[in-house]
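Enquirer: sequence first, then the predicted structure:
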Amino acid sequence: MVTPHLFIPGPTNVPDAVRIAMNLPMEDMRSPEFPKFTLPLFEDLKKAFKMKDGRVFIYPSSGTGAWESAIQNTLAVGDKVLMSRFGQFSLLWVDMAERLGLAVEVCDEEWGTGVPLEKYAEILAADKNHEIKAVFVTHNETATGVASDVAGVRRALDDAKHPAMLFVDGVSSVGSLDMRMAEWGVDACVSGSQKGFMLPTGLGILAVSQKALDANKSLNGRMNRCFFSWEDMIKNNDQGFFPYTPATTLLRGLRTSLDLIFEEGLDNVIARHTRLANGVRAAVDAWGLKLCAKEPKWYSDTVSAVLVPEGIDSNTIVKTAYYRYNTSLGVGLNKVAGRVFRIGHLGALDEYMIGGALFAIEMTLKDCGVDIKLGSGTGAAAEYFSKTATKPALSKAA
């Protein structure tokens, strides 16, 4: 049987070059040669976040571990933070912050929208005593296919002359969407290996600014931490090592993944994701369906959550695609369970792969009783991709 075609919002497809780079014997992570590999890796990883100062930490964990590390190493129990909740993953980040003992001011927003810039601006302007220590932004909410404006939150902080740190969940955005950590004054940006970095799950990646590092030094242990301690990581990372056994094979894959990203050019990678997402959206529109994202300003370029018509269970669509057409789509989560199916379009993808996914989805929708015309969505996407192709067509004489 052919391996199911993967179009969920993560884990994403792993390029052959990355898989081959990880197919090697186990190595000594205490070898005197190991720092020759790790020290340049730390520095090159910073380029993916477009950061200048600060440093990156790589944990053997999912992105959730990096979430926890960002909070534990910069904030104290009882600190006030500003967060918003508009999808399953922003909801989980709020839940973590509360369970770790932070005083969370939550903006509950309609699912299908994102970070409320106007509310954030009002709250920050009113916080004259600067009680809010950090402002959280879920850059890309994969449950609803919504991307939020990180730069807009930075403007709100600057307009209010507020010193709070800016934390960003970039798990499904870094390496796929525009992330300018230095320019936007982001103090902690969380990512994971299984999305834009095109690796298996297993690395929690955290990029932090000098401001965040300074906050860590001033904590004096007010929030307990051990596995995710920056102090332990810094002491070892500076020598090219880790305080515990690292996921060496994944690190080797990360090296190759970064090489592929830099070879294409990070800005070109971001533009490719936008173009592929536009093709998917053209197909959804041609099917007569709508996205969960309420307005174009919220549209994500890494995942599209598609609303199904009344009377249709999106779980049936996902199961039919998997069992009949060998294609994996994302299910609806929490409030949108049964109401949406999700198309992941991030990582190592091109027009051909997107076209195959849309082909399978069209047949699935038809099978599940959705009134669409076969070829309508795939045709709309093909027309868009043809018009926007950047490589010249070969001449007849070629």
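Expert: Received the coordinates, thanks. Numbering: from 1, shown residues only.

Enquirer: burial measure for Glu118, as a count.
Expert: Using other CB atoms under 10 Å, Glu118 is surrounded by 9 other residues. Heads up, the C-betas are built off the backbone N, CA and C, glycines and all.

Enquirer: A helix includes it, no?
Expert: Yes: assessed by DSSP: H, G, I helix; E, B strand; the rest coil, Glu118 belongs to a helix.

Enquirer: Lys80 versus that one, what's the distance?
Expert: With distances taken as CB to CB, to the nearest Å, Glu118 is found 20 Å from Lys80.

Enquirer: the nearest residue to Ala76 once chain neighbours are set aside: what secondary structure?
Expert: In space, not counting the residues next to it along the chain, Ala76 is nearest to Arg222; the distance is 3.8 Å by CB to CB, 6 or more residues apart in numbering. When classified by three-state DSSP, Arg222 comes out as coil.

Enquirer: Arg222 against Gln72, yeah?
Expert: No: in this structure, Arg222 is not within contact of Gln72 by CB atoms under 8 Å, at 10.0 Å.

Enquirer: got the contact list for Ser314?
Expert: Val308, Val331, Gly332, Ala337, Gly338, Arg339, Val340, Phe341 (CB atoms under 8 Å, 6 or more residues apart in numbering).

Enquirer: are any of those residues buried, and which?
Expert: By neighbour count, with 16 or more other CB atoms under 10 Å, these hold Val308, Val331, Gly332, Arg339, Val340, Phe341 as buried.

Enquirer: using the three-state scheme, assign the residue sitting nearest the centre point of the chain.
Expert: Closest residue to the average C-alpha location of the chain: Ser172 at 1.1 Å, with CA atoms, centre = their mean. Under three-state DSSP, Ser172 falls in the coil class.

Enquirer: touching, Glu110 and Cys292? I think so.
Expert: No: assessed by CB under 8 Å, Glu110 is found out of contact with Cys292, at 10.3 Å.

Enquirer: if you count what's nearby, which of these two comes out ahead?
Expert: More crowded of Glu110 and Cys292, by other CB under 10 Å: Cys292, with 25 against 11.

Enquirer: give the bridge partners for the residue nearest to that one when sequence neighbours are not counted, please.
Expert: Once flanking residues are discounted, Cys292 sits nearest to Ala305: 3.9 Å by CB to CB, 6+ apart. On the basis of DSSP bridges, Ala305 is bridged to Arg342.

Enquirer: correct me, but Ala305 touches Arg342?
Expert: Yes: contact criterion CB under 8 Å: Ala305 and Arg342 qualify, at 4.9 Å.

Enquirer: any idea where the helices of this protein begin and end?
Expert: 16-22, 34-48, 63-72, 88-99, 117-126, 150-159, 210-217, 230-237, 248-264, 266-286, 314-325, 351-367, 376-387 (DSSP state H).

Enquirer: give the contact list for Leu219.
Expert: Leu219 neighbours (CB under 8 Å, 6+ apart): Asn73, Thr74, Leu75, Ala76.

Enquirer: run through the protein and note the low-pLDDT ranges.
Expert: 1, 220-221, 393-398 (pLDDT under 70).

Enquirer: mind checking how far Lys47 is from Ile270?
Expert: For Lys47 relative to Ile270 (CB to CB), the value is 13 Å.

Enquirer: more crowded one of those two?
Expert: Ile270 (18 against 12).

Enquirer: ok, the more buried one touching Asp178?
Expert: Yes: applying CB under 8 Å, one finds Ile270 in contact with Asp178, separated by 5.4 Å.
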